[in-house]
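>>> Model the structure of this input:
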Amino acid sequence: MIQKKRPADFSGKWVFNEEKSKLVNRGFSNPPAMLEVVQDGNEINIKRKMISEFSDPTITEQQLTLDGKEQSFKAPFGNAPMLVSAQSSENKDTLFIESKMSFGNRDFTTKETWTLNNNGKILSITQSSSFTGNSGNAFVFEKQ
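Numbers count the residues shown, from 1 in each chain. Here you go, the predicted structure:
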C-alpha cells in the first residue's frame with residue numbers, strides 16, 4: 001500500500017540555531033532570531049523577530065496565501081516598498097517565499113526555500129539574495 005504524503009505544516013515557534021546554520025554573509029542576511037508561523041490551509045502568517053545589537057528588535061509580520069499571489073508590505077529597514085509571495089511545491093512539502101524590495105530605481109530580490117526535517121522539529125531555510133549577491137545561506141531553526 002502506498003502511503004500518501006501529508007502536506008507540510010510549518011506552524012510553530014522556531015528559534016534560530018546559529019551553530020547549525022551556514023551563514024555566507026551574516027551582516028547582510030539578517031536571519032531572524034525567532035519565527036512564529038501559523039499555517040491554516042492555503043494561508044500562512046509569518047512573524048519574524050530580528051535582533052539588533054544597537055537597537056530594539058525588529059518584528060515583521062506577513063499574512064500570505066500559498067498560491068504565489070504577491071502581497072504589499074514595507075521593508076523592515078528603510079520602509080521601502082516590498083512585494084512578497086509564497087507558494088507550496090506541487091507535493092506540498094516545500095515552501096517558496098520570494099521578496100522584492102525597491103530602493104529608488106533599484107530592485108532587490110530574496111528567495112527562500114523552506115523544508116521540514118527530523119519529523120517536523122527542524123525548519124531549514126535556504127536563502128539567496130540579489131542584495132548581497134550570495135546564494136549560500138542555510139538557516140536552521142528548532143521548534144520550541
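>>> any idea which strand is longest in the chain?
Longest strand in the chain by number of residues (criterion: DSSP state E): strand 106-117.
>>> what packs against that one?
Packed against strand 106-117 by the contact rule (3 or more Cβ pairs under 8 Å, 6 or more residues apart in numbering; DSSP states H and E) you find strand 94-103, strand 122-129. All C-beta atoms are positioned from the backbone trio N, CA, C, and that covers glycine.
>>> Pipe those into JSON lines and attach mean pLDDT and distance to residue 80 per row.
Supplementary listing: these in JSON lines, determined by pLDDT from 0 to 100; distance: least, Cβ to Cβ, whole Å:
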{"stretch": "strand 94-103", "mean pLDDT": "92", "distance to residue 80": "5"}
{"stretch": "strand 122-129", "mean pLDDT": "92", "distance to residue 80": "14"}
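>>> quick one: contacts for residue 143?
The contact partners of residue 143, by Cβ atoms under 8 Å, 6 or more residues apart in numbering, come to 12-14, 120-123.
>>> Redo the helices and strands packed on strand 106-117 as CSV? Include distance to residue 66 and mean neighbour count.
As requested, the helices and strands packed on strand 106-117 are exported to CSV (distance: least, Cβ to Cβ, whole Å; neighbours: other Cβ atoms under 10 Å):
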stretch, distance to residue 66, mean neighbour count
strand 94-103, 7, 17
strand 122-129, 16, 19
